Structure formats: structure tokens, C-alpha cells
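> dropping a prediction and its sequence here:
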Amino acid sequence: MKRMLMTAMALLTLSACAQAENRVKYQNPVLNINFPDPFVLKTDEGYYAYATNGNGKDIQMAFSKDLVNWDVKGDALGGLPFWAQGGLTWAPEVIQNGEKYLMYYTLRDTASNYQCISVAVSDSPAGPFKDDSQKPLICQADEGGSIDASPFRDKDGQLYLYWKNDGNAIGLLTYIYGQKLSADGLSLLEEPVQLLYNRELWEGNLIEAPTMYEKDGYYYLLFSASDFASDLYAVGYAVGKSPLGEFKKFEDNPIVYTVGDVAGPGHQTITFDDAGNPWLVYHAWTAGAIGDDVGKRTMRIDPIEFKDGKVIFKEPTLTEQEGPVIK
């Protein structure tokens, strides 16, 4: 029995060492190009990152095997629907639904001249994603438009969509909304629910970029707030017990904010390494080069934890760090 225990302990030690050996190093930014509003999808073949229009593409895309070393790819979007204007395609997020991949993204509705939300479909996470819609999926023209759509699948398989009304564009409050999606993810069910709105001093005139994550019965709703083109942009969160709330904001928000040369971190998402560890993906400016005229929003990663209704995040990093576990 003693020999069996020693053997088991040795195997555990070897396993831990092997895992440590597969932990790659990283140093931010991991993608040093203008790659705003990043979203990362983990697949069996690796990681796909998607971002707001730029560098001649409607939806920027990159691929990585390890979350650290990225190859920039072509345009993820195979053209805009007939009802949309070009040049304003923002904040794509992708979810696998059966054998299809659904991309929810923001684009300019010609009829209303507001930013609205649509969905494009592909057989592959590499695209091209095709949008054959006849009108926007969501377009709250009376609330300034609708942006920053983020899909979420709950434990029971039910799909939800979260987004923000673009009220700050017309001097209104901004809300984070949530609503059920149909099984195919192409239409909405029931009624939208207002989950959060900008009422705290640090949030300024907007909250946006919702990200939902569930662990151990807690629903964590992360969001960004304040002016993205400033060092005031930051990330906070609220916690609820169901996908549509109600949600209570963390009293010490924000949890991700400007530190040293990392300015205006935000528009976050969550992905996982091969050991199941969660990683926060976000963009940020470099201090002294804030705003599209002088700087770029580069993609960064750092570890994050969720425990007993609390989010634990140390701070944005710039020095070399122990990175994701890759098997």
C-alpha cells in the first residue's frame, strides 16, 4: 500500500511538472496592432480572436495556438447585408451553436442612421461569416441605437444575448439589456430586461461591453464604462443568481483600470486555457498615446478568478508573466 501511495504521489508530481512545463510565458500586449473590442473564441484547433473594423477589414481576425503568439488573418465577415452602411462594424462576438458559428456584431443601419445589432453565420470559426438578414436583429433607435452584443449559453442550454443601448449618442442613460434567444440563435424570445445602467461616478455617461460568466450558481456580469478614448475607461462587474438578474454591482468597482503605462483598459471578454483557467482578454492604450489619432488599442491578456460571488483580478501587466497552460 505504501509503495502504491508513493507511486501515485510521484505520478501527481510528474503531472504537475508536465503542466508547468506547458505553461507559456507572455508579455502584453500579445497582439500589438490596433485591435479594438477583442473577443476570443476557444476551439479544438486553437484560439480565434475577432475585433472591430480596421486595417482594411470589416471584422478583424487573428489565430493563436496558445493565446500568446498570434497570426493576423483575413476579414472574418463575408460582406455586409444590404441594409447596412460600411465602415462601422464593431465589437464582434462568436458562439458555436451545433455545427454553426454565430457572430453577433454592430453595424450602421442605413434607414435609422444608428448603430444596430445583427448576426452572421459560418460553418467555421475562420469564416467567412455571412449575414443574409433583411433587417437588424436589435435596433433601439429611440434609445440611440444598440451595440456590443454578447451571447451566453446557460447550464441548461438556453441561449441569451446581452447588449447596450447607445443612449450616450443622444444624451440618454445607457442600459445593459439581456434577453433569451431562440434555439438557433437567430431571433429573440420574450421581452428584453434592463439589467444595469450608468449611475456611478466612475461610469461617466455610459456602461457597455457586457460579458456574462457563470460559476457555482453565481452569474457574473462584467462591463466597461466611461469614455473609451481616455484613461478613465475601466471594467467593473455585478453579480446575480440568474441570467436575467437581478444584478448587484460590486461596491468597489472598477476592478480593471489605468495603471502606469496601461491606459483605459476595457471591452473585456473571458476565455480559458487548456487547464480550464480563466483569462481576461481586453484592449488598452499606451499612456501618452490615447485616442485613435495618436494611439492604438492593442490586445492584452491577464489571469482572472471567480470565487464565491467575487471577481479577483490583480492588475494589467506589461512585464513577462507565467502564461496559459497549453497541452
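Nice, thanks for sending it over. Residues are numbered from 1 along each chain as shown.

> what comes into contact with stretch 38-48?
For stretch 38-48, contacts defined as C-beta atoms under 8 Å, 6 or more residues apart in numbering pick out 31, 49-51, 61-67, 91-96, 101, 125-126, 267, 269, 271-272, 281-283, 299. C-beta here means a position set from N, CA and C on the backbone, and glycine is covered the same way.

> run the last query once more with 7 Å
Contacts with stretch 38-48, where a contact means C-beta atoms under 7 Å, 6 or more residues apart in numbering, come from 49-51, 61, 63-65, 67, 92-94, 125-126, 269, 271-272, 281, 283, 299.

> ok, which stretches of this structure are helices?
In the chain, the segments counted as helices under DSSP state H are 2-21.

> so what's the most centrally placed residue in it up against?
In the chain, the centroid-proximal residue (C-alpha atoms, centre = their mean) is Thr269; its distance is 2.8 Å. Applying C-beta under 7 Å, 6+ apart, we find Thr269 in contact with 38-40, 211, 281.

> one more time with 8 Å, if that's ok
Going by C-beta under 8 Å, 6+ apart, Thr269 touches 38-40, 93, 150, 211, 280-282.

> now Val30
Neighbour list for Val30: 67-70, 299-301 [criterion: C-beta under 8 Å, 6+ apart].

> Lys73 and Gly56, how far apart?
13 Å (C-beta to C-beta, to the nearest Å).

> ok, these two, which is more surrounded?
Shown here are Lys73 and Gly56; by other C-beta atoms under 10 Å, Lys73 has more neighbours (16 against 8).

> give me the spatial nearest neighbour of the more buried one, chain neighbours excluded.
In this structure, Lys73 finds its nearest non-sequential neighbour in Met61, 4.5 Å apart by C-beta to C-beta, 6 or more residues apart in numbering.

> returning to that earlier point: among the contacts of Thr269, name the ones in strands.
Counting by DSSP state E, the part of the contacts of Thr269 found in strands is 39-40, 93, 150, 211, 280-282.

> and of these, the nearest to Ser230?
Set against Ser230, the nearest of these by C-beta to C-beta is Tyr282 (15.4 Å).
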